[in-house]
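**Q** Sequence plus predicted model, see below.
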Amino acid sequence: MTTARYTKHYTSAERCQTAVRNYAWLTQHAAPMHLPALRAISSTSLVFEFVEGRHAEPSDLPRIASHLGDVHGAAWLDDLHRAQLGAAHAPGQGLELPDYPSSRRRALAARHAAGFLPTGADHDAALALLARTASGPVAFYKDTNPRNLIITPDAIVTIDLDDLTLAPFGYDLAKLIVTLTMTYGPLPASAVQEALDAYNRAAAGHHKTLGHTDMGHLTAFMRLHGILNAPYLGRGGYWHTLPAFRADAHHDSFWEGTG
C-alpha cells in the first residue's frame, strides 16, 4: 500500500534548503517536537508523509502550551543556552537562526508604512515594546498558529518549517493565543492563564532557570503579535478582530472584556 504524501513547493532553492536545515535542527535539538517524516528533497520542493488529523482549536490550548514549553525547554538545554536574543545563532551545518529584534524591527516599520501603526508615536511605542521584550533565556519562534499544527489521537504534529528565528520564552505561545483568537474569537482570560501555567511547568522541567514567563511578558508578546498580524485579518482564516490594545501600555489590558 502506498503511503500518502504531501509536497511543499518553494519559490527558490535557497528557501527550500533553509527549510531542510530548519527540519534537521528541530529534529536534533527540539526532540519533543513531532514532525512529519521527510521522504524526498528536490531543488525547490520537499515531500513529507501526509499526517491525518485536524488543525488546532481553542480546546487544545492547554495541551499545546505544555508541548511548547517542553519543546522550548529541550532546545534551550540542548543548544540555545549558548545563544543570545540580539545576535544570530549559528549551530552549524550551514544553518543560521536569525536574532529576535532585527526582522521584527523591519516588520514594524512595514506595518507603520502600511498604516497599521498610524503615527510616528505608535511606531516608536511598538519599537520600545519590542526592546523591552528582548531579554531572558532564548527559545525559538516557529510561527505556531492553528494551521501549522495537526492534532492526532497520539501527538501534536508541527508542519511548515519555512521560518525559524530566536525568540524569548513565551513568544511563540503568544503567537498561538493571538492566532486562535483571530480564528475562533476571544478566549477566556482563565484559558490564557491556564495555558501560561502549563507552558511554564513544562519549561521548568528542563531547568530551574526556565518557566518564569509572567502574564505581563505574555501580554507584551501578544501586543506585538497583534500588530504584526494585523495585515492578515480577513484572510487565511483570520476573521475575528483582536481586543483593543495600545503598544505603549504597560499593564495587562490586552484581554480586558474577553471573559
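**A** Received, thanks.
**Q** would you list every one of the helices in the stretch 1-150 of the chain?
**A** 13-29, 61-78, 101-113, 120-133 (DSSP state H, counting those that start in this stretch).
**Q** Please identify the most buried of those.
**A** Ranked by mean neighbour count under mean count of other C-beta atoms under 10 Å, the helices of the stretch 1-150 of the chain are led by helix 61-78, which reaches a mean of 23. Any C-beta I mention is one placed from the backbone N, CA and C, and that applies to glycine too.
**Q** can I get the helices of the stretch 1-150 of the chain in TSV with mean pLDDT and distance to Lys175?
**A** Output for these, formatted as TSV (pLDDT from 0 to 100; distance: least, C-beta to C-beta, whole Å):
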stretch	mean pLDDT	distance to Lys175
helix 13-29	96	16
helix 61-78	98	10
helix 101-113	98	12
helix 120-133	96	13
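**Q** Quick check: which of those helices is nearest to Arg235?
**A** Smallest distance to Arg235 across these (C-beta to C-beta): 16.1 Å, for helix 101-113.
**Q** Please write out the alpha-carbon positions of that closest one in PDB.
**A** This file holds the C-alpha atoms of helix 101-113, laid out as PDB (Å, rounded to 0.1, in the frame of the first residue of the first chain):
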ATOM      1  CA  PRO A 101      14.900  42.000  17.200                       C
ATOM      2  CA  SER A 102      16.100  42.700  13.600                       C
ATOM      3  CA  SER A 103      13.400  41.100  11.500                       C
ATOM      4  CA  ARG A 104      10.700  42.400  13.800                       C
ATOM      5  CA  ARG A 105      12.000  45.900  13.600                       C
ATOM      6  CA  ARG A 106      11.800  45.700   9.800                       C
ATOM      7  CA  ALA A 107       8.300  44.200  10.100                       C
ATOM      8  CA  LEU A 108       7.100  47.000  12.400                       C
ATOM      9  CA  ALA A 109       8.500  49.600  10.000                       C
ATOM     10  CA  ALA A 110       6.500  47.900   7.300                       C
ATOM     11  CA  ARG A 111       3.300  48.000   9.400                       C
ATOM     12  CA  HIS A 112       3.900  51.700  10.100                       C
ATOM     13  CA  ALA A 113       4.300  52.400   6.400                       C
END
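**Q** relative to helix 120-133, how tilted is that helix?
**A** Relative orientation of helix 101-113 and helix 120-133, computed by axes from the mean of the first three to the mean of the last three C-alpha atoms, to 10 degrees: 160 degrees.
**Q** For the protein, give me the ranges with low pLDDT.
**A** Flagging of the chain using pLDDT under 70 yields the residue ranges 1-2, 244-259.
**Q** Quick one: the helices of the stretch 1-150 of the chain as JSON lines, columns for distance to Asp197 too.
**A** Below are these laid out as JSON lines (distance: least, C-beta to C-beta, whole Å):
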{"stretch": "helix 13-29", "distance to Asp197": "25"}
{"stretch": "helix 61-78", "distance to Asp197": "8"}
{"stretch": "helix 101-113", "distance to Asp197": "26"}
{"stretch": "helix 120-133", "distance to Asp197": "20"}
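**Q** Determine which of those helices approaches Tyr238 most closely.
**A** Nearest of the helices of the stretch 1-150 of the chain to Tyr238, taken as C-beta to C-beta: helix 101-113 at 15.3 Å.
**Q** Thr219: helix or strand, and which one exactly?
**A** helix 215-228 (DSSP states H and E).
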